[in-house]
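[1] The sequence isn't on hand, but the structure is:
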């Protein structure tokens, strides 16, 4: 590459989260970095966008000379603002994360981190979402760095197939314990919800959403298997949601009587 | 069917929206209806869930004897509350909508209506999201009724393939002008954003997100084509987002040097 790539960095834990600060430090080794990230945590926002409210953004300086913008919206809003209002050319890649916590298997659907990557993909920008399997604010991101760097280098070198972005999850292990990188499919899993029902001081009932992750997929080609066995998982994710295999079946119905 | 099916109804425009009231009236012809819907508009919330805040719900009566619950959360929260806290057995089907406005093509990603249907699908419940191509609050839902009814009857009769829910969009046309129902794939399209930048009375800049829908797909098997040509579009939607076709390609990279 003759000139340094332009790298857009975002996340869903907020612009000050240690995960995104780590991601920025790695990306500065690879290109010119611009950060556009939420001003507050936006976990589990999915692909939400802000249409019934206004958006604010502010140029900020946190830990280096790279341009950074703190934005009032969702991760998807951040990508839209970056592409349309901030950057003067298309970024060569968009990276999102490193999320504090897993976005493997069905979590991809709820994830703000991955929705930012998907939004970039919809705009035709190669994109990767990175997540570490550690929800703690002071999680150790050091072992993730070399994998984040090498996967990003591969995408800068090869590009990505049209309509595909990457969902990368990193096990909570030391560098030595991580066995390598595996390309996987999304495991079939869901959350078994357990609502925690309480009563407020005024006597009114309310709920906290909690739940238990249930992996129903015994396949050894899944992201869950890879992570449980010490690998970094890479799942190619698409945003054409059509279940093409079901079209023929539906056409056998009497839809037009 | 020996006993009447149990039908869970939700939406993203809020429990008082004319679209959901129409959907309820149609579903009461088909089974026993329970409504769990947001207490306020939740358009474009995508697959957001409420994890950093509490949830409230209230039993309400609006226009009939069917049990109805107004909930403080997102459409996905409503489905989770319904299945885990409200219903005493699994619903036979979950229907969401009728949305005031299109959820065709890429809009499926941003749509609260469709995310509720997808959430039901993740729980293993057959599910359909319905949307009318008219954003107005006083949109005419009458021509939609017979199509909503017949598609729901077909799903109750046949079930749906595992991991598949339906995204149904209805053109803004009279009953006579609607030509029929077409099973389609999601058109390749996106939004060209145009941020409307303004200055508030205190001199601070802010933005409104606006945009123009761009259909880049000339295929005659897409939802956009069907809707433009007077048909109701039915797209089977999956929540395994794996781009299976890309796995082989990624395995040709030097991910493990």
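    That came through, no problem. Fair warning: this is a prediction, and the values are worked out from it, not measured in the lab.

[2] contacts, neighbours, all on C-alpha from now
    OK.

[3] How about the secondary structure of the spatially most distant residue from the centre of chain A?
    Ranking residues of chain A by C-alpha distance from their mean position (CA atoms, centre = their mean) puts residue A:257 at the top, at 44.2 Å. Judged by DSSP: H, G, I helix; E, B strand; the rest coil, the three-state class of residue A:257 is coil.

[4] Please tell me how far it sits from residue B:180.
    Going from residue A:257 to residue B:180 by CA to CA, to the nearest Å gives 9 Å.

[5] Residue A:57 too?
    47 Å.

[6] These two: who's more crowded?
    A direct count of neighbours by other CA atoms under 10 Å in any protein chain shown for residue A:57 and residue B:180 places residue A:57 higher, at 21 against 16.

[7] got the contact list for the more buried one?
    Listed by CA atoms under 8 Å, 6 or more residues apart in numbering or on different chains, the contact set of residue A:57 reads A:69, A:70, A:71, A:72, B:206.

[8] Which ones among these lie within strands?
    A:69, A:70, A:71, B:206 (DSSP state E).

[9] In CSV: these, plus pLDDT and distance to residue A:122.
    Shown next, in CSV, are these (pLDDT from 0 to 100; distance: CA to CA, whole Å):
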residue, pLDDT, distance to residue A:122
A:69, 97, 22
A:70, 96, 22
A:71, 94, 20
B:206, 90, 25
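
[10] now, which of the residues you listed sits nearest residue B:118?
    Of all the ones in strands among the contacts of residue A:57, residue B:118 sits closest to residue A:71, with 28.8 Å by CA to CA.

[11] Find the residue closest to the closest one in space, skipping its chain neighbours.
    residue A:57 (4.2 Å; CA to CA, 6 or more residues apart in numbering or on different chains).

[12] now residue A:131
    In space, residue A:131 is closest to residue A:99, 4.2 Å off (CA to CA, 6+ apart).

[13] now that neighbour, what's its secondary structure?
    Reduced to three states with three-state DSSP, the structure at residue A:99 is strand.

[14] Wait, a helix at residue A:23?
    Yes. Assessed with three-state DSSP, residue A:23 lies in a helix.

[15] Could you check how many residues crowd around it?
    By other CA under 10 Å, the residues close to residue A:23 number 24.

[16] Next: residue A:107.
    Neighbour tally, residue A:107, other CA under 10 Å: 18.

[17] tell me the pLDDT at it?
    In this prediction, residue A:107 carries a pLDDT score of 94.

[18] thinking again about what came up before, export the contacts of residue A:57 as JSON lines, with columns for distance to residue B:152 and neighbour count.
    Below are the contacts of residue A:57 laid out as JSON lines (distance: CA to CA, whole Å; neighbours: other CA atoms under 10 Å in any protein chain shown):
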{"residue": "A:69", "distance to residue B:152": "47", "neighbour count": "24"}
{"residue": "A:70", "distance to residue B:152": "45", "neighbour count": "22"}
{"residue": "A:71", "distance to residue B:152": "42", "neighbour count": "23"}
{"residue": "A:72", "distance to residue B:152": "40", "neighbour count": "20"}
{"residue": "B:206", "distance to residue B:152": "44", "neighbour count": "17"}
